[in-house]
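Asks: Only the shape, not the letters, is given here:
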């Protein structure tokens with residue numbers, strides 16, 4: 001009987017706590033805003049398979065100096081095939097989109113274009129300095 005009395009408050013607490021199992025796009029955007037406020041900056045860079053990726057390392061290093069982690073994602077061309085996204089993929093997209101908007105708002109819309117040009121310049125000067133050994 002004493003054990004039952006000790007367990008009852010935990011059972012009541014367990015039953016009254018409402019666990020939210022599924023997050024929607026708005027919930028995930030709020031998580032992105034919270035991460036941003038905490039200084040967790042994740043920038044999502046979309047690139048096509050044919051894009052030049054030779055300066056990605058330099059781009060990443062320059063952004064790291066401003067506490068921004070870049071995540072490169074493959075962007076696929078638009079097709080006639082219907083791509084049914086599941087909820088997890090949809091939520092990832094909502095997070096990525098919100099984080100990119102917040103970062104561009106803080107650093108400026110053209111900030112990443114300037115960083116990309118700087119990274120391209122560093123990458124091309126590195127490649128010019130390489131010597132071919134035969």
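Replies: Great, that's in hand. From a predicted model like this one, the values you see are computed outputs, not experimental measurements.

Asks: Now do the SS call for residue 44.
Replies: Recorded secondary structure, residue 44: strand (DSSP: H, G, I helix; E, B strand; the rest coil).

Asks: next one: the helix or strand hosting residue 103 to chain centre, how far?
Replies: Element membership for residue 103, per DSSP states H and E: helix 87-107. Distance, stretch centre to chain centre, for helix 87-107: 7 Å (C-alpha atoms, centre = their mean, to the nearest Å).

Asks: Against which helices or strands is it packed?
Replies: The contact analysis (3 or more C-beta pairs under 8 Å, 6 or more residues apart in numbering; DSSP states H and E) places helix 87-107 against helix 25-37, strand 41-47, strand 68-74. (C-beta placed from N, C-alpha, C; glycine too.)

Asks: give the contact list for residue 32.
Replies: Residue 32 makes contact with 94, 95, 98, 99, 102, according to C-beta atoms under 8 Å, 6 or more residues apart in numbering.

Asks: burial measure for the nearest residue to the first one once chain neighbours are set aside, as a count.
Replies: Distances taken as C-beta to C-beta, 6 or more residues apart in numbering place residue 25 nearest to residue 94, at 4.0 Å, with adjacent residues excluded. Burial of residue 25 is recorded as 15 neighbouring residues (other C-beta atoms under 10 Å).

Asks: Would you check how far apart residue 25 and residue 96 are?
Replies: Look at residue 25 and residue 96: by C-beta to C-beta, to the nearest Å, they are 11 Å apart.

Asks: swap in residue 24?
Replies: Residue 24 is 16 Å from residue 96, by C-beta to C-beta.

Asks: Compare those two and say which is more crowded by neighbours.
Replies: A count of neighbours by other C-beta under 10 Å puts residue 96 above the other of residue 24 and residue 96, at 18 against 12.
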